[in-house]
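In: sequence unknown, structure follows:
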């Protein structure tokens, strides 16, 4: 072992910026003591500082190999890889650290933040909570913002607000924490709390030269002061950011300034645009129309809570229907669950990925594959349990938009599950889709032409399932739901197999927050203000009417 005085002198050289000297001396000493942990660490730091990444990585990996229980060494290697753009490799190191030491806080923090970036919010929040339990209070507070942000997106604004307060107590000048506090109050529907939280955020922003004008406009737009928000946004240039233009477009629509609203909406979406690969989507739809009939399905598992699938295009009323349904005490609101997409990948892996899933699924007809639908069912239910959906209520909702495209797969795992398909006038749906930023439907929502193409393709696929496979979800028309809720709720509950509950009439009084763009609307009683919203935009919509003509006809709509 190298003498402590020598190690101290090397560390002093590092701190003094004498990286070349520290690297040279550490390497010389390593020739005699190649497994000296302190020398390996110093050599790695000095090599990286001197630009020799390959040597630094070799030293760090050697360090981990000879000291597998030294979590700090794994943390050093993970952060080295992350600094140099190798995030996937860094994550693998962190995963190994957790496998060796279940309470490794740095690894849990790293994995949690990576999962949140990938939209695995529940799993990411679990890791951040685990990290916080094993960190000193000051370090735990540093994760409060990331955890609060994930919980806000999961529909937990009250807990997010508590985490924002914790983060602000630790760092009162943190604009990120003040913004989180504002957004948590906004999503809770507490206008007074949102304005108070924003006032603090605005003071921090002014002191640091940062812009929070959009957040301020969102707060004002919550209630009766929306015209003030619009007045502020009217002062923005036409080349403002996409989110600001979308908000201004929605408020101009509310004010009846439809021509200006549509310009903002189209321009805002262009600034936020993500690619929509029409050819890939067409191939996927074509493959789904080849899904075979007469496949074995899983038996019911009555020992656990069962799913109710609420399907439909984004902005078709799925959130409204979920809020009404989940007001029943026997039904828990699951929200937009990712399980069906995960199930698709799981099923494909079991059946073979050499061909598309709609082709591979025919292998279920072979005797040694008959049992696989039960595994599909249990995979989905295991994910539901991980999300905490297996306790209390008998049923839970899954309202991920566009799950109807995977209805045949859902039917293999849950042949008797209620399938509820929201249907809204296609042009109303498209106007609303264009007015909000969302990635559902392979990023179809950024151009009107792409959104229309996707809506039409999904409508064709659903019609094929009904005609060829006999999969017939209960159709719930948005227009009927808002004008005759008693009849429609009775139909829906009959399909679910439960009687209507009086609480469903006051669904808007639920404390539950719906983490979707509809969160404010579903806190209001039913109204028909959004019916025929498309008419002021008829001229702009005219080019895509032929694209959605079949969908219009299927729904009994006219343009």
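Out: Perfect, thanks for sending it. The structure presented is a predicted model; accordingly, all values stated were derived computationally and were not measured.
In: contacting residues for the residue nearest to the spatial centre of the chain?
Out: Central residue of the chain (CA atoms, centre = their mean): residue 119, 4.4 Å from the mean position. Residue 119 makes contact with residue 338, according to CB atoms under 8 Å, 6 or more residues apart in numbering. Where you see a C-beta, it was placed from the backbone N, CA and C, and this is true even at glycine.
In: And for residue 451?
Out: 430, 433, 434, 441, 444, 445 are the contacts of residue 451 under CB under 8 Å, 6+ apart.
In: Need the max-distance pair from the residues you listed.
Out: Pairwise distances across the contacts of residue 451 peak at 12.5 Å for 434 and 441 (criterion: CB to CB).
In: what's in contact with the helix or strand of the chain with the lowest mean pLDDT?
Out: Least confident helix or strand of the chain, by mean pLDDT, DSSP states H and E, is helix 4-15 with a mean of 87. Residues from elsewhere that reach helix 4-15, judged by CB under 8 Å, 6+ apart: 19, 21, 22, 25, 26, 29, 38, 39, 42, 45, 46, 49.
In: hang on, the third one packs against residue 46?
Out: Yes - proximity of residue 22 to residue 46 meets the contact threshold set by CB atoms under 8 Å, at 4.2 Å.
In: that older thread, specify which member of the contacts of helix 4-15 is nearest to residue 266.
Out: residue 49 (49.8 Å).
In: What count of nearby residues applies to the nearest residue to the closest one once chain neighbours are set aside?
Out: Excluding the flanking residues, the one nearest residue 49 by CB to CB, 6 or more residues apart in numbering is residue 19, at 4.0 Å. When neighbours are counted by other CB atoms under 10 Å, residue 19 registers 18.
In: Checking my notes, residue 421 in a strand, right?
Out: Yes - Residue 421 forms part of a strand when assessed by DSSP: H, G, I helix; E, B strand; the rest coil.
In: ok so, going back, buried only: go through the contacts of helix 4-15 for me.
Out: Among those, those classed as buried by 16 or more other CB atoms under 10 Å are 19, 22, 25, 26, 29, 38, 39, 42, 45, 46, 49.
In: Format the residues you listed as JSON lines; extra columns: pLDDT.
Out: Compiled in JSON lines, those are given as follows (pLDDT from 0 to 100):
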{"residue": "19", "pLDDT": "91"}
{"residue": "22", "pLDDT": "91"}
{"residue": "25", "pLDDT": "91"}
{"residue": "26", "pLDDT": "92"}
{"residue": "29", "pLDDT": "93"}
{"residue": "38", "pLDDT": "91"}
{"residue": "39", "pLDDT": "94"}
{"residue": "42", "pLDDT": "93"}
{"residue": "45", "pLDDT": "94"}
{"residue": "46", "pLDDT": "94"}
{"residue": "49", "pLDDT": "93"}
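In: Among these, pick out the one closest to residue 142, please.
Out: Among these, residue 45 lies closest to residue 142 (CB to CB), at 22.9 Å.
In: Quick one: name whatever helix or strand follows the helix or strand encompassing the closest one.
Out: Element membership for residue 45, per DSSP states H and E: helix 37-49. Sequence order places helix 53-66 as the next helix or strand after helix 37-49, per DSSP H and E.
In: Report the buried residues of that following helix.
Out: 55, 56, 57, 59, 60, 61, 62, 63, 64.
In: which two in those residues are spaced the farthest apart?
Out: Across the buried residues of helix 53-66 (CB to CB), the longest gap, 15.3 Å, separates 55 and 64.
In: Name the residues of the least confident helix or strand of the chain that come out as buried.
Out: For helix 4-15, by 16+ other CB under 10 Å, it's 7, 10, 13, 14.
In: hmm, back to that, show me which of the contacts of residue 451 is closest to residue 305.
Out: For the contacts of residue 451, the nearest to residue 305 is residue 441 (28.2 Å; CB to CB).
In: Wait, the closest one touches residue 403, no?
Out: No - the criterion here is CB under 8 Å, and residue 441 misses it with residue 403 at 11.6 Å.
In: just so I have it, where are all the helices in the stretch 201-350 of the chain?
Out: With DSSP state H, counting those that start in this stretch as the criterion, the stretch 201-350 of the chain has helices at 213-220, 226-234, 242-254, 258-272, 278-288, 318-326, 339-351.
In: So for residue 556, which of those helices sits nearest?
Out: Nearest of those to residue 556, taken as CB to CB: helix 318-326 at 18.6 Å.
In: Let me know the angle separating the closest one from strand 419-423.
Out: 140 degrees (axes from the mean of the first three to the mean of the last three CA atoms, to 10 degrees).
In: Work out the gap between helix 318-326 and the centre of the chain.
Out: The chain centroid and the centroid of helix 318-326 are separated by 19 Å, computed with CA atoms, centre = their mean, to the nearest Å.
In: What of stretch 162-180?
Out: Using CA atoms, centre = their mean, the offset of stretch 162-180 from its chain centre is 23 Å.
In: Over to the closest residue to residue 470 other than its chain neighbours: give its phi and psi.
Out: The shortest distance from residue 470 to any non-neighbouring residue, by CB to CB, 6+ apart, is to residue 293 (7.8 Å). The phi/psi pair for residue 293 (degrees, to the nearest 10) reads phi -100, psi 170.
In: before we move on, what about residue 352?
Out: phi 110, psi 130.
In: and the residue nearest to it when sequence neighbours are not counted, what element?
Out: In this structure, residue 352 finds its nearest non-sequential neighbour in residue 360, 5.1 Å apart by CB to CB, 6+ apart. Taking DSSP H and E as the criterion, residue 360 maps to helix 357-360.
In: re earlier: what's the closest of the buried residues of helix 4-15 to residue 530?
Out: residue 14 (63.3 Å).
In: That closest one and residue 204, how far apart?
Out: 35 Å (CB to CB, to the nearest Å).
In: picking that back up, present the buried residues of helix 4-15 as JSON lines; the columns should include distance to residue 77.
Out: Listed next are the buried residues of helix 4-15 as JSON lines, based on distance: CB to CB, whole Å:
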{"residue": "7", "distance to residue 77": "20"}
{"residue": "10", "distance to residue 77": "20"}
{"residue": "13", "distance to residue 77": "22"}
{"residue": "14", "distance to residue 77": "18"}
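In: List just the nearest of those to residue 99.
Out: Distance to residue 99 across the buried residues of helix 4-15 (CB to CB) is lowest for residue 7, with 30.4 Å.
In: what about the closest residue to residue 165 other than its chain neighbours, which SS state?
Out: Of all residues not flanking residue 165 in the chain, residue 181 sits nearest, at 6.8 Å (CB to CB, 6+ apart). Secondary structure assignment for residue 181 (three-state DSSP): helix.
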